[in-house]
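Student: Quick one, structure for this:
(chains A and B)
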Amino acid sequence: MTPNAVSISSGPSRRSFLASTAVATAAVAGGMPLLAACGGSDSESREGATSGKAADKLLPTYVASTVAQPDLPSKNGSAAGYTGKDDLAALATSVPDKLGTGAPFRIMSPFWGTPPKPGNAYYTALDAAAGTKITWQNQDGTTYGEKLGAVLASSSIPDMVVVPSWELGGKIPNAVTAKFMDLGPYLAGDKVKKYPNLAAIPSDAWRMSIFGGALRGLPMPAAPAGFIVPYYRKDIFDEKGWSVPKSPEEFLSWAKDVTSAKAKVYACADMSWSSAGVFGVRPAGTLGWNIGDDGKLTYRIEEPAFLEALEWVRKLFDAGVVHPDDKARSGDPSQRFTSGQILVFNSDMSAWYGKTAEQAQSKPDFEIDAMDYFGADGGDPTLWASQPATIWSLIRKGASNETIENALAAANFAAAPYGTKERMLVDYGVEGTHYTVKDGVPVKNDRGNSEVINAWPMLAAPAAYFAHPDLPDIARRQVEWQQRMGVFMKKTSTYGMNIVEPSRYANLRSQFEQLELDYVRGHKKLSDVQEAISTWKSSGGDKLRDWYKELLDKNGSGN
Amino acid sequence: MAAVSAAAAKDRVPRRTSRAGKAGKVPFRIRLRRDRALILMTLPVIVLLLLFNYVPLLGNVVAFQEYDPYVAGNGTTAIFHSPWVGVEQFSRMLDDPLFWSATKNTIVLFVLQLVFFFPVPIALALVINSVIRPRVRAVAQAIMYLPHFFSWVLVVTVFQQILGGAGIIAQTLEKHGWSGFDLMTDADLFKFLVIGQAVWKDAGWGIIVFLAALSAVSTDLYEAAAMDGAGRWRRMWHVTLPALRPVIALLLVLRVGDALSVGFEQFLLQRYAVGAGASEVLDTYVWNMGIQNGDFSYAAAVGLVKGVIGVCLVLGANKVAHLLGEQGVYQK
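Tutor: Numbering: from 1, shown residues only, chains lettered A, B, ... in the order given. Reported below is the predicted structural model:
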C-alpha cells in the first residue's frame, strides 16, 4: 500500500515526508487501506473488468530498463531497493531527447502541503528538461475527492488529471471511463517504445490502468507486498527490554502491562488495519472478493475472520490500551507515536523513512521498526496482496494530439528510473537551487523542501522501489520486511483487475466503514454488525456475488 | 377653503393606504420612480440571491431522478439525460432507518438547543447590560465574542485536550487515583457536549443583537420605574424584557424555521468519537449520502424534504408570532 515509491524516496525533508505521509493518510482515510472502491454506471459497457488475453492486447510492450539495477531486487512481491551510494556525477540519461513540443497544457493533481508559486524554479527546470509547458492546478489532497467529483462533472476538465484509487468511490469510476481518453493508439504494443520509461513500467500496473475496456491510465506502480506496517518504537522496546509480541494474546497482555494513563503512555493507536493482517481479512472493495479453497465466492465480511479481527481490536479499546485521542479520532497518531505517547501504530511504508528522517535531528536515538505479522493463533499470517497500481494520471477526451504528446512526454520523464538524471531532477530539483551534495548524499534546502514536493512525481512512476540516499539502511529494512512478509502473501481472485462494479451496488458496503469504526470503539454491538452483514446479503450482496461470479468466469481468476 | 381641504384629502389618501400597507393603489411606475434609488441599491444583492440561491433551487429536480452527473458533457446537461424515477428516492428515504435515526437526533438536538442554548445569549446580554464600567464591559464582551472566530476544528480539539480521555481533567483525576474519565467519546452525553461546545463558541456572539435592542431602551423608563419604587427585578421584568420581546420573537421564529439545521462541521468532526448513531444529523446525512457516496438524487430528496419542512416551520412560527401580537419575520 505504499502509495508512491517516488514520494518515499524524495529526500530527507520534513515537508516531503509530510507530503508522503499525507498520501498515506489519504490512502487509508477510508477505513481499510487501499480500498480500490468501485462504482458503476447504468451503461453496461462501463462495468466489469478486462483481463487475460483481452487485456494483453491493450497493454504496452514491456521493455525493461537497463540503467541502475537495484542491489535488492524485488522478491515475494516486494519493492526493489537501492542501498548503495549513487555516483551523482555519473547518473545515466533515460530521456535523451526532449519529447515535449512546449505546447501549454494543464494538469490537476492532489497536493499535500502548501503548493509552491506557479513558475517556480522547480517547475521551470522540469519543463525545460522535458520540453513541456505545464500549468499545475494543485488541489488539496485531503479533500481531493470532492474537488475531483465536481471537476469531472464540469465542462472544463483539465488536460491531464491525477486520480488516486482511493477516490474512485460512487460514480467516479464511470466518469473516468466517460471523460478520459483511450491511450491505446499511443501506447499499445510497440508504440510505447517511443517512451522508454513508460515501457519499463511492469505490465501488472498497466493492466490495472484499463478502465472500461480501454487503457486510459498512466500508472504509478505499487508493490503487491505493500502491506500496512505495524510500527513499534524499537528504541523504547530495547531500553525497557520488551520483546516484540508474537500473537494477539501476547500483544494484548503486553499492551496492558505497558499502558500507564498516569504517565500518558498508551500501548497503541487504533490497530484495525494491522488486525486485518493478523486475522487475514481482505481489504474492502473489489479485493474483498475471493474464491476460497471450498470453491465458494465470498466477500470479506462473510468470513469469520472479519468478526474475529474486529473483536480483537475491540478488546484493545476495552482494555484502555488505545490512546483516548485515537478513540476520538482526534489529532495525528504518528505524532503521538514519535512523542512516545503511543508505542505501536500502523501506517503505510512511507512512515518508516519519513518518521526517522523527521526525528533524526532532535532525537538521535529515535528508532522504529516494523513488527512481523503473526497469525490469529500466533502462527503464520495470511496477508492479501494489494493492487499493483494505485494512482493514475489520465488525459481528457478531446485533447489535441499535441497535448497528448506533451502529456505523455511529461509522464515518461516522471517515470524515469532511479539512478538517472531525470529521476534526480524530479525528486530533488536543481543542484545548488534546491539541494546540495554533502558526502555524496543530496540534501534538500528550504527552497527544495517548499518547491520539490508532489506535482511531477504524481504523473507516473517506475516499478516500486525504495531508495533513501541519506538513510540507506531504512531502504534495506523496508525491502527485507516486505520480502519476509511476502512469503505469507496470497492474491485474491480479483487481484490485478481494475473492476468497476455496477452502480446499483455502489453504496452497498458503504455503511461498513463506519460500522467497523463504531463497533471497535464500543458504540455498536456485535449483533449490529451481524445484522448489517445479513442486510448486506439480502439487499444486493448475493446479487453482487452472482455478478462477480460471472465476471470471474469470463475473465479468469486473478490468482 | 374647499381647495385646502381637497388638497388635504388628496394628501391623506396615499398616506392612509401606505399605512395600511397596500401600496398597490399607487401605480407601479410612480412607485418605481419614487423608489429607484433604493431599488438600485438592492439590485446587486437581488442578482446575487437569484444567481446563487434561487437558480440552484432548480437543481432540486434531481430528487426525482436517478441522477448521474457524468452521463453527459457536464453536470447541468446531465440532468436532461438522467432517467426519471418519480418519488422512488422519497420512498427509499422513508424506508431507511438511518434517515430516521438522523431525524431523531436532529429533533432532539434542536429541542435541547432551544432550551439550553437559546436563552444563554439573552441572559448574558442582561448581565453585560448591567455592567456600568465601560472598560470592564468592553473586556468582557471581547472575551465572549472571541470563540466565535475559532473554527470548529479548533474548538473540538481544545475540548478534546481538556475533556478527552488524555486531556487535562482526565490527567489530573488520574493523578489522584480516579481513572476512566472521557467525556469526548461518550455517546450518551454527546448531545449535552455539543450544546456545551456551541454555548462556549457562539453564545457570546449571540448577545450582540440583544445588546443593540437593550441600548435602544430609554433610560427615562428605568428612572420612572425606579421613582415608582420598582426594584431591580421589577425593572427587568417590566422594562428590559418587554423591550427585548420583539427581538426574541424574531430570533425564535428564525430559529424554529431553521430547526432541522442544528450544525454540520461540529458533528462531522466528532462522528468517529461517538459513532454515527449519536452524531448523525440530517445535514451530515445528506453530505454523506451525496458527496461521500455520490448518491446525489437521494441526498437531494432528503435535502428537499428538509427544506420544505423548514419553510412550513418558518411560516407556522411566524403565524404564531403574529397571533401573539409580535411582528415576526415580516409584517402582515
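
Student: Might you report the residue contacts of the residue most central in space within chain B?
Tutor: Nearest residue to the geometric centre of chain B (Cα atoms, centre = their mean): B:Arg255, 4.6 Å. Contact criterion Cβ atoms under 8 Å, 6 or more residues apart in numbering or on different chains gives B:Leu114, B:Phe118 as the residues in contact with B:Arg255. (Glycine included, C-beta is placed from N, CA and C.)

Student: per-residue confidence averaged over the helix or strand encompassing it?
Tutor: B:Arg255 is located in helix B:241-257, with elements delineated by DSSP states H and E. When pLDDT is averaged over helix B:241-257, the result is 87.

Student: Tell me the buried residues in that helix?
Tutor: Residues of helix B:241-257 classed as buried under the neighbour-count rule (16 or more other Cβ atoms under 10 Å in any protein chain shown) are B:Ala243, B:Leu244, B:Val247, B:Ile248, B:Ala249, B:Leu250, B:Leu251, B:Leu252, B:Val253, B:Arg255, B:Val256, B:Gly257.

Student: Would you check that the first one makes contact with B:Leu211?
Tutor: Right, B:Ala243. No. Counting by Cβ atoms under 8 Å, B:Ala243 sits too far from B:Leu211 to count as a contact (11.7 Å).

Student: Tell me the confidence at residue 329?
Tutor: Let's take chain A. Model confidence at A:Arg329 (pLDDT) stands at 91.

Student: The chain in question should be chain B.
Tutor: According to the per-residue confidence, B:Val329 scores 74 in pLDDT.

Student: Distance check, it against chain A.
Tutor: From B:Val329 over to chain A the distance is 34 Å, taken as Cβ to the nearest Cβ, to the nearest Å.

Student: can you check B:Asp188 too?
Tutor: Between B:Asp188 and chain A the distance, using Cβ to the nearest Cβ, works out to 10 Å.

Student: Equivalent analysis for B:Ala273, please.
Tutor: Noted for B:Ala273: a distance of 4 Å to chain A, by Cβ to the nearest Cβ.

Student: Which element, helix or strand, includes that residue?
Tutor: For B:Ala273, the host element (DSSP H and E) is helix B:271-274.

Student: Next: A:Thr390.
Tutor: If you go by DSSP H and E, A:Thr390 is part of strand A:389-395.

Student: do A:Ser109 as well
Tutor: Following DSSP H and E, one finds A:Ser109 within strand A:104-111.

Student: OK, contacts around residue 151?
Tutor: Since no chain was named, I'll use chain A. Contacts for A:Val151 were tallied using Cβ under 8 Å, 6+ apart; they are A:Met108, A:Ile157, A:Pro158, A:Val161.

Student: wait, chain B
Tutor: Under the criterion of Cβ under 8 Å, 6+ apart, the contact partners of B:Ser151 comprise B:Glu265.

Student: how near is it to B:Val47?
Tutor: Relative to B:Val47, B:Ser151 is positioned 30 Å away (criterion: Cβ to Cβ, to the nearest Å).

Student: my read is B:Leu173 is in a helix, agree?
Tutor: Yes. Checked against DSSP: H, G, I helix; E, B strand; the rest coil, B:Leu173 lies within a helix.

Student: Surely it touches B:Phe181?
Tutor: Yes. B:Leu173 sits in contact with B:Phe181 when judged by Cβ under 8 Å, with a separation of 5.0 Å.

Student: So these two - more neighbours on which side?
Tutor: The neighbour count for B:Leu173 versus B:Phe181, taken as other Cβ atoms under 10 Å in any protein chain shown, is higher for B:Phe181 (19 against 15).

Student: you'd agree the more buried one is up against B:Ala166?
Tutor: No. B:Phe181 is beyond contact range of B:Ala166, at 10.0 Å (criterion: Cβ under 8 Å).

Student: got the phi/psi numbers for B:Gln65?
Tutor: When read as degrees, to the nearest 10, the backbone of B:Gln65 gives phi -120, psi 180.

Student: Spit out the contact partners of the residue nearest to it when sequence neighbours are not counted.
Tutor: Excluding its sequence neighbours, the residue lying closest to B:Gln65 (Cβ to Cβ, 6 or more residues apart in numbering or on different chains) is B:Ser82, at 4.5 Å. B:Ser82 makes contact with B:Val62, B:Gln65, B:Glu66, B:Tyr67, B:Asp68, B:Val71, B:Ser297, according to Cβ under 8 Å, 6+ apart.

Student: what do you get if the cut-off is 10 Å, keeping everything else the same?
Tutor: Counting by Cβ atoms under 10 Å, 6 or more residues apart in numbering or on different chains, B:Ser82 makes contact with A:42, B:61-62, B:64-69, B:71-72, B:296-297.

Student: For those, give me CSV that also has neighbour count, distance to B:Ala78 and secondary structure.
Tutor: Putting the contacts of B:Ser82 into CSV (neighbours: other Cβ atoms under 10 Å in any protein chain shown; distance: Cβ to Cβ, whole Å; DSSP: H, G, I helix; E, B strand; the rest coil) gives the following:
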residue, neighbour count, distance to B:Ala78, secondary structure
A:Asp42, 16, 12, coil
B:Val61, 16, 12, helix
B:Val62, 24, 9, helix
B:Phe64, 19, 14, helix
B:Gln65, 22, 9, strand
B:Glu66, 19, 11, coil
B:Tyr67, 27, 7, coil
B:Asp68, 28, 6, coil
B:Pro69, 25, 5, coil
B:Val71, 23, 5, coil
B:Ala72, 17, 4, coil
B:Phe296, 27, 10, helix
B:Ser297, 23, 11, helix
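
Student: Nearest to A:Ser450 among the residues you listed?
Tutor: Of all the contacts of B:Ser82, B:Pro69 has the smallest distance to A:Ser450: 35.7 Å, by Cβ to Cβ.

Student: ok, so what distance separates the closest residue to chain B within the stretch 151-300 of chain A from A:Glu501?
Tutor: Taking Cβ to the nearest Cβ as the measure, the stretch 151-300 of chain A has A:Gly170 as its residue closest to chain B, at 2.2 Å. Noted for A:Gly170: a distance of 11 Å to A:Glu501, by Cβ to Cβ.

Student: These two: who's more crowded?
Tutor: For the pair A:Gly170 and A:Glu501, the greater number of neighbours falls to A:Gly170 (28 against 24), based on other Cβ under 10 Å.

Student: residue contacts, A:Thr535?
Tutor: With Cβ under 10 Å, 6+ apart as the criterion, the residues that contact A:Thr535 are A:Leu508, A:Gln511, A:Gly541, B:Pro97.

Student: start to end distance for stretch A:394-401?
Tutor: 14 Å (Cα to Cα, to the nearest Å).

Student: Could you tell me how far it lies from the centre of the chain?
Tutor: Relative to its chain's centre, stretch A:394-401 lies at 26 Å (Cα atoms, centre = their mean, to the nearest Å).

Student: do stretch B:50-65 as well
Tutor: Relative to the centre of its chain, stretch B:50-65 is centred 22 Å away, using Cα atoms, centre = their mean.

Student: about what we covered before: so which elements touch the helix holding B:Ala273?
Tutor: Using 3 or more Cβ pairs under 10 Å, 6 or more residues apart in numbering or on different chains; DSSP states H and E as the contact criterion, the neighbours of helix B:271-274 among helices and strands are helix A:324-327, helix A:510-520, helix B:190-215, helix B:276-279.

Student: what comes up buried for stretch B:107-125?
Tutor: By neighbour count, and taking 16+ other Cβ under 10 Å as the criterion, the buried residues in stretch B:107-125 are B:Leu109, B:Phe110, B:Leu112, B:Gln113, B:Phe117, B:Val120, B:Pro121, B:Ile122, B:Leu124, B:Ala125.

Student: Report the rounded mean pLDDT for that stretch.
Tutor: Averaging the model's pLDDT scores along stretch B:107-125 yields 94.
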